[in-house]
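Q: requesting a structural model of the entry that follows:
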Amino acid sequence: MKRVINSLVILAMLFGVVAFQCSSTELTSARLYIQQKNYKKAKEALLKEIKKNPKSDEGYFLLGSILGEEGDIIGMVENYEKSLSISNKFEDKINKSKLFYWAQAFNKGVNFFNKSVKVTTPDSVKEMLSESIKQFENAILLEPDSLDSYMNLAYAYINYGDMDSAIKTVEKLNEKSGSAQSYKLLGDLYTRKGAEFKDKFAVDGNKEDSVKAMEYFDKAVSVLEEGRKKYPDDSDILLQLTNAYIAANKIDVAKDAFKEGVEKEPDNKFYRFGYGTILLGANEFEEATKQLEKAYELDPNDEKALYNLAIAYVKWGAKLQEKAAESEKEEDTGYKEKFEKALPYLEKYVELHPDDGVVWDLLGRVYANLGIMDKSQEAFKKADELK
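A: Presented below is the predicted three-dimensional model:
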C-alpha cells in the first residue's frame, strides 16, 4: 500500500517566556538562562524549582517548553499537563505550543514517509518508516483529535509491515471519525489479517490459525456492514463487504441480503453489483453475469462492474472448457462464446488501465483461446513489458 501523503500546515513559533515578576530565585534564574538560550542551565534551575515547589505551574510550563525545544515531546506534554493540573494560567501558551509542535511532527512524519517510498534498500525503508511512525505518534499525542495523523500513522505501520499496530490505529480512527475511508481501511485490514492466518493454516494445518482467520473475516463483515448502513452509496465499501462475505463463508447470507436489495430497488447499481459479485464468488456465473451486466448498464462508467463482468465471463468460459476436456468432447466449443462475451469488456478495461499487466496477460489468453494469435502475442508482449 505504497503512497505519498501530504503535509498540512507550517506554523511559526516563538519560545514563550513570561514577564518578570516576584518569584523564586530558581524561576528568575531559569528565565534568564532561557533568554540566553542556555537551556541546560535553565533545566537545572527548573528541576530545583519544582522539587522545592511541586505546585509551581510556571516551573512545569517552562520545563515543558525547554523539553519541546530539545525534541522530547512526551516530556513536554507531561510537564504541560502538570502545569494545567495546577492552574490554567499558561493554558493559552500551552495550546499554541502544542499546535506548533503538532504541525512540526506531522510534517516530519510526512517527509519521512515519502522518503521511504523513494529509497530502495530495505534497511533504509525501515529506517524512514520508523522515523515516520515516531513523528505521527508524537502528532497524535499533541493533538489527539487529528484524524489525518491517525490515518497517516496507519499507512506508515502498513508499509512497515506491522499490521497489528495498523489495525489498532485504524480502530481508534474509526471510533473517532466513522468516515467512509476509515470503515474501508479497517475492513481491508481485518480481511488481510484473516488471509494471513488462512495462509498459515494452509501451510501448517494448525486449527488455531483457521479459527483466528474466521475471527478476522467476521470482524471485517461486521465493520463493513456498519459502514454500508452509514454510507449505502459507497461502492468500495460494498465491494469489500462482498469479498469479506465470501472469505467468511457467508455467501448464503450475502446472497439473501443482496437479492432482497435488488428486488426492492431493481435500478440500484450498488445492489446489482454486490449481488453479482457474490454470485461470481459462488461460481453461479449465469446469474452473476445478468446482475453485473445490469449494474454496468445502469452506470457505464463503473469500472468495478466492468472488471467483474469481464472476469465472470472468463471464469464461466474456463469452467465450460474444463468440462469439455473432462468429457473428451473436443467438438464442444461452447466455452468460446463466453470468452467472446468477455473480450469487449477486457479490451475496454485495458483501454482505461493500460498499465495493468495482469489484465493484459488475461486478455492474451482469451485471444489465444479464440484463435486470434496476432492480438494474443501483442497482449502477452504488453504484459511482459509491465512486469
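
Q: which secondary structure elements does the helix or strand where residue 212 lies sit against?
A: Under the criterion of DSSP states H and E, residue 212 resides in helix 207-230. On a contact count with 3 or more Cβ pairs under 8 Å, 6 or more residues apart in numbering; DSSP states H and E, helix 207-230 meets helix 180-204, helix 235-247. No exception for glycine: its C-beta is placed from N, CA and C like everyone else's.

Q: and that helix, what's buried?
A: Going by neighbour count (16 or more other Cβ atoms under 10 Å), the buried part of helix 207-230 is 209, 212-214, 216-221, 223-228.

Q: just flag the most distant two among these.
A: 209 and 228 (28.4 Å; Cβ to Cβ).

Q: quick one: pLDDT of residue 7?
A: In this model, residue 7 is scored at 55, pLDDT.

Q: and stretch 164-182, which residues are buried?
A: Residues 165-167, 169-174, 179-182 are the ones in stretch 164-182 that count as buried (16+ other Cβ under 10 Å).

Q: and the residues you listed as a markdown table, adding distance to residue 195?
A: Formatted as a markdown table, the buried residues of stretch 164-182 follow (distance: Cβ to Cβ, whole Å):
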| residue | distance to residue 195 |
| --- | --- |
| 165 | 18 |
| 166 | 14 |
| 167 | 13 |
| 169 | 19 |
| 170 | 17 |
| 171 | 18 |
| 172 | 23 |
| 173 | 22 |
| 174 | 20 |
| 179 | 24 |
| 180 | 22 |
| 181 | 21 |
| 182 | 20 |
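
Q: so of those, which two are at opposite extremes in space?
A: 165 and 180 (22.6 Å).

Q: now residue 100: how far from residue 143?
A: For residue 100, the distance to residue 143 equals 11 Å [Cβ to Cβ, to the nearest Å].

Q: do the same with residue 302
A: On the measure of Cβ to Cβ, residue 302 and residue 143 end up 38 Å apart.

Q: show me the contacts for residue 52.
A: Counting by Cβ atoms under 8 Å, 6 or more residues apart in numbering, residue 52 touches 24, 26.

Q: show me which residues of the helix or strand of the chain with the lowest mean pLDDT are buried.
A: Least confident helix or strand, the chain: helix 235-247 with a mean of 85, by mean pLDDT, DSSP states H and E. Counting neighbours by 16+ other Cβ under 10 Å, one finds that the buried residues in helix 235-247 are 235-247.

Q: just the C-alpha atoms of that helix, please, in PDB.
A: Written as PDB, here are the backbone C-alpha positions of helix 235-247 (Å, rounded to 0.1, in the frame of the first residue of the first chain):
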ATOM      1  CA  SER A 235     -19.400   1.200  -3.900                       C
ATOM      2  CA  ASP A 236     -15.900   0.500  -2.400                       C
ATOM      3  CA  ILE A 237     -17.500  -0.400   0.900                       C
ATOM      4  CA  LEU A 238     -19.900  -2.700  -0.900                       C
ATOM      5  CA  LEU A 239     -17.200  -4.400  -2.900                       C
ATOM      6  CA  GLN A 240     -15.100  -5.000   0.300                       C
ATOM      7  CA  LEU A 241     -18.200  -6.300   2.100                       C
ATOM      8  CA  THR A 242     -18.900  -8.800  -0.700                       C
ATOM      9  CA  ASN A 243     -15.300 -10.000  -0.600                       C
ATOM     10  CA  ALA A 244     -15.500 -10.300   3.200                       C
ATOM     11  CA  TYR A 245     -18.700 -12.300   3.000                       C
ATOM     12  CA  ILE A 246     -17.000 -14.700   0.600                       C
ATOM     13  CA  ALA A 247     -13.900 -15.000   2.800                       C
END
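
Q: helices or strands up against it?
A: helix 180-204, helix 207-230, helix 251-264, helix 269-281.

Q: enumerate the positions of the longest one that are buried.
A: Residues of helix 180-204 classed as buried: 180-194, 197-198, 200-201 (neighbour count, 16+ other Cβ under 10 Å).

Q: got the angle for that helix vs helix 235-247?
A: Put simply, helix 180-204 runs at 20 degrees to helix 235-247, going by axes from the mean of the first three to the mean of the last three Cα atoms, to 10 degrees.

Q: chain center to helix 180-204: distance?
A: Helix 180-204 sits 12 Å away from the centroid of its parent chain (Cα atoms, centre = their mean, to the nearest Å).

Q: where does residue 234 land on pLDDT?
A: Here, the pLDDT recorded for residue 234 equals 85.

Q: that one reaches residue 227, doesn't it?
A: Yes - here residue 234 reaches residue 227: they are 7.4 Å apart, a contact under Cβ atoms under 8 Å.

Q: common neighbours of these two, please.
A: With Cβ under 8 Å, 6+ apart as the test, residue 234 and residue 227 both reach 180, 184.

Q: now the nearest residue to residue 113 once chain neighbours are set aside: how far from residue 256?
A: Nearest residue to residue 113 in three dimensions, chain neighbours excluded: residue 132, at 4.2 Å (Cβ to Cβ, 6 or more residues apart in numbering). Counting by Cβ to Cβ, the gap from residue 132 to residue 256 is 44 Å.

Q: neighbour-wise, which of the two wins?
A: A direct count of neighbours by other Cβ atoms under 10 Å for residue 132 and residue 256 places residue 132 higher, at 27 against 11.

Q: what's the average pLDDT for whichever strand or helix holds that one?
A: Residue 132 belongs to helix 122-142 when assigned by DSSP H and E. The average pLDDT within helix 122-142 is 96.

Q: same for the host helix or strand of residue 156, what does it pack against?
A: In this assignment (DSSP H and E), residue 156 forms part of helix 147-160. Here helix 147-160 touches helix 91-118, helix 122-142, helix 163-177, helix 180-204, going by 3+ Cβ pairs under 8 Å, 6+ apart.

Q: show me the helices in the stretch 251-387 of the chain, by range?
A: Here the stretch 251-387 of the chain has its helices, by DSSP state H, counting those that start in this stretch, at 251-264, 269-281, 285-298, 303-326, 335-352, 357-369, 373-386.
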